[in-house]
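Engineer: with the input below, show me the fold.
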Amino acid sequence: MFGPDICGAGHRIVHFILNKRGENRLIKRNVNAENDEHTHSYTAVLKADNTYEIYVDGERKQDGKIEDDWSILPAKEINDPSQSKPSDWVDDAMMDDPEDKKPDDWDTIPAEISDPDAKKPDDWDDDLDGAWEAPKVPNPAYKGVWRAKRISNPAYKGPWVHPQIPNPDYKPDSTLYQFDSNAFLGIEIWQVKAGSIFDNFLVTDDLDLALERAKALNKVREAEQAAKKAVDDAKAAADAEAAKSAEPAENAEAEKDDL
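Structural biologist: Numbers count the residues shown, from 1 in each chain. Model prediction:
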């Protein structure tokens, strides 16, 4: 499966899915799809050396190895099951300073104090309302929970990296690019907004021909852009003229109101 996938403003990618070993495998590196109302062309290339290329409007946007950019084959290397992180491995880069001690009076400072500006209401009745207490406010002298200073850990060894070994299940496959047949083409369209047109499909083993056709479609887009600009310019001019024509009438109404 290959082609643009646009969903909302934040999702616009070129889907490239290879069906291999009974599963649909989505490419791991994305190319952005064009997201305007003009004609664009998308070209996928699978090569006999197990590499691929993606072109948008005849311009190469991405290439690489099929094995690297699709999860088809098992990994070449795996974590060595006989190895594990040593129990004494230190992977904390920072530590509490053992020389830093909490001041003796640290916990004697409350987080809140009675509001020194609060006054007992004149109509407060101790018999009816109980003993009056000033409301609490944050204590500007409160320093929060004490924590020791952090210093570099002299025992730090860095992140532990699991040793790798060759994966016994990995076997290279020189036919990742191959399919039983390339003689058919299917179209899947899922739209949430009408108006898209799909045309000019080409399946070929001639990349030069495919890029020549793609670049020919660039002229179609250029003509569309020019036509849209002409329409937009004409509309802008008409709107400006309409606004200008409305000014005398508005001025006349304003003068009438003044009278």
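Engineer: got the CA coordinates for stretch 77-88 in PDB?
Structural biologist: Taking C-alpha atoms only, stretch 77-88 is exported to PDB below (Å, rounded to 0.1, in the frame of the first residue of the first chain):
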ATOM      1  CA  GLU A  77      21.500  -8.900  17.200                       C
ATOM      2  CA  ILE A  78      19.700  -9.500  20.500                       C
ATOM      3  CA  ASN A  79      20.500  -9.000  24.200                       C
ATOM      4  CA  ASP A  80      22.800 -11.700  25.500                       C
ATOM      5  CA  PRO A  81      20.500 -13.700  27.800                       C
ATOM      6  CA  SER A  82      23.500 -14.800  29.900                       C
ATOM      7  CA  GLN A  83      24.300 -11.200  30.800                       C
ATOM      8  CA  SER A  84      22.500  -8.900  33.200                       C
ATOM      9  CA  LYS A  85      23.300  -5.600  35.000                       C
ATOM     10  CA  PRO A  86      25.600  -6.200  38.000                       C
ATOM     11  CA  SER A  87      23.900  -5.700  41.300                       C
ATOM     12  CA  ASP A  88      26.500  -3.100  42.300                       C
END
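Engineer: and that stretch, how far out from the chain's middle?
Structural biologist: 33 Å (C-alpha atoms, centre = their mean, to the nearest Å).
Engineer: the chain should start at 58 in everything you say after this.
Structural biologist: Let's use 58 as the start, then, which means that last one is stretch 134-145.
Engineer: quick one: residues in contact with it.
Structural biologist: Contact with stretch 134-145 is made by 217, 219-224, as judged by C-beta atoms under 8 Å, 6 or more residues apart in numbering. Yep, even glycine has a C-beta here, placed from its N, CA and C like the rest.
Engineer: need the residues you listed in CSV (columns: neighbour count and secondary structure).
Structural biologist: CSV is the format used below for the contacts of stretch 134-145 (neighbours: other C-beta atoms under 10 Å; DSSP: H, G, I helix; E, B strand; the rest coil):
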residue, neighbour count, secondary structure
217, 13, coil
219, 11, coil
220, 11, coil
221, 13, strand
222, 12, strand
223, 10, strand
224, 14, coil
